[in-house]
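> Would you be able to build a 3D model of this:
(chains A and B)
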Amino acid sequence: MPKLCFYFQLHQPYRLADVSVLDVGTDAFSYFDLQQQDDNKKIFMKVAEKSYRPMLSLLLQLTKQYWDFYFTFSISGVFLEQALAYAPDVVDLLQKLSKTGQVEFLAETYYHSLASLYSPKEFAYQVQEHERLLYKHLNIRPSAFRNTELIFSNEIAQLVEDMGYVGMLTEGVDRYLWGRKRTVPYAAKTKDRLPVLLKHAQLSDDVAFRFSEKSWSAWPLTVEQYLEWIQVYSEDEIVNLFMDFETFGEHQWEDTGIFTFFADFVTAFRSKKWNSFITPTQVFTPVCDRKIKKKCLDKAKLDTYDVPDPISWADVDRDITAWRDNAYQLDTLRIMYELEEEVLSSHNTQLISDWRRLQTSDHFYYMCTKWAADGDVHAYFSPYENPHEAYRRFTIALADLTERLQ
Amino acid sequence: MKNNSVFMIGWEYPPHNSGGLGVACQGLTQALASDTTIQFALPYHYESTVDHMSMMSCVDPRWEKKLGTKVLYPPFASYSSEGIIRSFLSVSDSLSSEKLRMLPNSELEQRVQEYSQVIASRSNKIMQNSDLVHAHDWMSFPAARKVKEKTGKPFIAHVHSTEYDRAGLNQGNQYISSVEYEGMMAADRVIAVSYYTKSLLVNTYGIDAHKIDVVHNGALQPEVAPDPGRHHFAQKRPVIVFMGRLTLHKGVQYFIQLAKQVVVRVPNALFVVAGSGDMYHELLLTSAEQALSASVVFSGFVRSTQRDKLLDRADVFVMPSISEPFGLVAVEAAQRHTPVIISKNAGVSEVMKGAIALDFWDVDKMAESIQKLIEDPEYSQKVVQNQFTDIQQITWDNAATKVKQSYIKALLGR
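This next block holds a predicted model:
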């Protein structure tokens, strides 16, 4: 009879347009190609149709139906920007959801960037900018944090703690858990022992990745089966199901039955006594009943999740090699953050905005040259023909950026 | 009344040319046509109009059967893969010279033999009105040999590039080099496009030096007038350009090394690699490994307007070829007022003395020269002017005059 914590990630990068070298340093182009008929719009509209609209509507319906259905969103700033530009009705749905009081919105970096790995100052700025955006459009002030792709380390946790968040989300990685449960809160190795929730990779990926995989032994996944797997956890445990929002309708198409599965699952789960939905902030800062002391989160009693090297929720190794591994990625990232001071001191808003949009982690993900199973996942998500093209386009954007700095 | 009548055997001709061969055939025949009657054979149906000579399609009927449609392209792309050239060996795919070298010899051999048979079967009729046969590069040599055997007319073997050049001074494809060798041995005269190529023919192929005439290629005047200057793009930083196939023998790997050295001295220099080829991914990776991601950009293959614009904009053009029979693109850069650094192993250095010729491997010297050209506008202007004087002589009329001298030698030698 565990508690269930659903968190869905909403994000869309600005993909780079195929800009000619011969346009470097001219005002003739934007690498994000924000014209009427651009790829970013096309992709956003496609996903909106297949996933954002139907799933947001479903979630809204479920919150209305069940007062005790709680879940969590994290929405990147670049997602919200594009939604405002291309599909304002998606923002309307988000606003309606925020008004229900049953949805928690997490803090993250506006640009879905890797700034936490390179520049604490830039990281803090982007988190603040994201907060401003959430407040402006959704009237939300987030209290818990999730970093890009759940990237986490002791150092990053300290940055998050210093910014005043009550806790954060990350991946439960075996090499740092040493057999301990991933269904209880941990304390990060920070000054004030920042509480963290760990993703239940197995159960999350059963839905996010394996749901429609016919070669999987559990296919087709039934609500009863899934419930059975979840029910093995006890009342004081939390099963953290963290996944891409696009799981619903985009990665798993409507015809796989994913929407029905989700609705039926929510109904079935809450119908069992003692089961409940919970959001991260409810875990991190519960209403404390001093008399029975039952609900209080005693940080001192939490086990430490000591992560010296950055982890993430990506790929088989759950490390950061999806974004920072080969020479393409290392060199472009190096240059991006070496430019920080120069870019910021230019006081050129357009230039600064372009530089920040180029920080979006997806640009580096597309440059990944790892093969095997992870390579397939990368290829699925990449708009470009191959990692080389992702790098080539990025260098042209860099050449333009540096030209404008001259 | 025209002086000579010549039967030329080619392989490609604009607009379907894969590299320099078609362009050279066009320039040369246009200049020759004023007083020479030319019949020009191609291994495909030539559907554009040419009025300075008569085109002759020598298509093997079996090819059309295999292809299932009319043959409108050469059976395989002879050289570069820049631009799209189809081939019916692999219709869906363009064939680069690298892939070409990997094809079974039998496949190449067969197409070349079939072409030669088609021509041989018509040779008596063709040669009734022709004084000699002039064949361009190895794909045409077997056909020319057959014509010579059948009719006794002299055979001129014109060497635009050799297998050794294309393989970066390595052995390359032995079948191709043996066809080149046998063709040149059977020929009455051999025309080499540079002294550089001549010495390669003498020293590597063992061809008799007395039999070889050097005829440097010409260059047409640019179709669009040059518009030199920084205004095109990247106005605030020096731009150094490489343009050519991204293969070993073009020395493009030295261009990246060069970038590494130059950015130490001129941090804002921008290096543009224009072209496509089998080394593309390797070059991208090297560039990233050398921390040059903001200094080296790859434009991919560029054509017409973009090509002109890039050469107009370039502050320095570099051609670090390991082996380059001629190197027309260096002349094109000079036409567009760009100072040129060329490899000493490039035929064009013999006629463009005003350009800076260096050893392709001498990255230090090249880097020094680039820096000087960037930082000393007067020096750069001087180089540009000297080059400009040189290129006035690089014409197809001059080339045609020399080719006709070869014809006379061949005819008198009989």
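
> contacting residues around residue B:282?
Residues in contact with residue B:282 (Cβ atoms under 8 Å, 6 or more residues apart in numbering or on different chains) are residue B:253. Bear in mind the C-beta positions are built from the backbone N, C-alpha and C, glycine included.

> just the strands in the stretch 251-400 of chain A please.
A:276-277, A:303-305 (DSSP state E, counting those that start in this stretch).

> Pipe these into TSV and attach mean pLDDT per row.
Output for these, formatted as TSV (pLDDT from 0 to 100):
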stretch	mean pLDDT
strand A:276-277	95
strand A:303-305	97
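
> Which of the ones you listed sits closest to chain B?
Smallest distance to chain B across these (Cβ to the nearest Cβ): 34.1 Å, for strand A:303-305.

> any chance of the strands of the stretch 251-400 of chain A in a markdown table, with mean neighbour count and distance to chain B too?
What follows is these, written out as a markdown table (neighbours: other Cβ atoms under 10 Å in any protein chain shown; distance: least, Cβ to the nearest Cβ, whole Å):
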| stretch | mean neighbour count | distance to chain B |
| --- | --- | --- |
| strand A:276-277 | 18 | 46 |
| strand A:303-305 | 17 | 34 |
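
> Quick check: which ranges of chain A have low pLDDT?
Scanning chain A for pLDDT under 70 picks out the ranges A:28, A:33-37, A:288-295, A:371-378.

> Redo the strands of the stretch 251-400 of chain A as a markdown table? Include distance to residue A:239.
Listed next are the strands of the stretch 251-400 of chain A as a markdown table, based on distance: least, Cβ to Cβ, whole Å:
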| stretch | distance to residue A:239 |
| --- | --- |
| strand A:276-277 | 10 |
| strand A:303-305 | 17 |
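
> near chain A, which residues of the stretch 151-300 of chain B show up?
With the criterion set to Cβ under 8 Å from any Cβ of the partner chain, the stretch 151-300 of chain B comes near chain A through B:232-237, B:268, B:270, B:272, B:274, B:280-281, B:284-285, B:287-289, B:291-300.

> got the buried residues for the helix or strand harbouring residue B:253?
If you go by DSSP states H and E, residue B:253 is part of helix B:252-265. Neighbour counts using 16 or more other Cβ atoms under 10 Å in any protein chain shown place B:252, B:253, B:254, B:255, B:256, B:257, B:258, B:259, B:260, B:261, B:262, B:263 of helix B:252-265 among the buried residues.

> Who are the packing partners of that helix?
If contacts are counted by 3 or more Cβ pairs under 8 Å, 6 or more residues apart in numbering or on different chains; DSSP states H and E, helix B:252-265 sits against strand B:239-243, strand B:270-274, helix B:280-289, helix B:363-375.

> Could you rerun that using 6 Å?
helix B:363-375 (3 or more Cβ pairs under 6 Å, 6 or more residues apart in numbering or on different chains; DSSP states H and E).

> which other helices and strands contact the next helix-or-strand element following the helix it packs on?
Per DSSP H and E, the first helix or strand lying C-terminal to helix B:363-375 is helix B:377-391. On a contact count with 3+ Cβ pairs under 6 Å, 6+ apart, helix B:377-391 meets helix B:328-335.

> so when I look at residue B:183, I'm seeing a helix, right?
Yes: under DSSP: H, G, I helix; E, B strand; the rest coil, residue B:183 sits within a helix.

> Of all the residues in the stretch 101-250 of chain A, which one is nearest chain B?
Counting by Cβ to the nearest Cβ, the stretch 101-250 of chain A gets nearest to chain B through residue A:118 (15.3 Å).

> Not counting sequence-adjacent ones, nearest residue to residue A:280?
residue A:144 (4.3 Å; Cβ to Cβ, 6 or more residues apart in numbering or on different chains).

> Check residue A:397 too.
With Cβ to Cβ, 6+ apart, the residue lying closest to residue A:397 is residue A:31, at 4.5 Å.

> Is that neighbour part of a helix or strand, or is it coil?
Taking three-state DSSP as the rule, one finds residue A:31 in the coil state.

> Do I have it right that it meets residue A:17?
Yes: counting by Cβ atoms under 6 Å, residue A:17 is a contact partner of residue A:31 at 5.4 Å.

> So if I had to pick from these two, which one is more boxed in?
residue A:31 (22 against 19; other Cβ atoms under 10 Å in any protein chain shown).

> what does chain A have sitting close to chain B?
Residues of chain A lying close to chain B by Cβ under 6 Å from any Cβ of the partner chain are A:21-22, A:24-26, A:327-328, A:331-332, A:335, A:388, A:391-392, A:395-396, A:398-399, A:402-403, A:406.

> Among the residues you listed, which lie within helices?
A:327-328, A:331-332, A:335, A:388, A:391-392, A:395-396, A:398-399, A:402-403 (DSSP state H).

> what about the residue lying closest to residue A:406 once chain neighbours are set aside, which helix or strand?
Spatial nearest neighbour of residue A:406, excluding adjacent residues (Cβ to Cβ, 6+ apart): residue B:236 at 3.8 Å. Using DSSP H and E, residue B:236 sits in no helix or strand.

> Got phi/psi on residue B:236?
phi -100, psi 10 (degrees, to the nearest 10).

> Could you find the closest non-adjacent residue to residue A:277?
residue A:70 (4.2 Å).

> typo on my end, residue A:218
residue A:225 (6.3 Å).

> quick one: that neighbour and residue A:242, what's the gap?
Look at residue A:225 and residue A:242: by Cβ to Cβ, to the nearest Å, they are 20 Å apart.

> re earlier: check contacts around the residue nearest to residue A:277.
By Cβ atoms under 6 Å, 6 or more residues apart in numbering or on different chains, the residues touching residue A:70 are A:102, A:277, A:279.

> Kindly report the same for residue A:324.
Contacts of residue A:324 by Cβ under 6 Å, 6+ apart: none found.

> residues of stretch A:253-265 that come out buried?
Residues A:256, A:258, A:259, A:261, A:262, A:263, A:264, A:265 are the ones in stretch A:253-265 that count as buried (16+ other Cβ under 10 Å).

> Kindly indicate which of these lies nearest residue A:130.
residue A:262 (26.9 Å; Cβ to Cβ).
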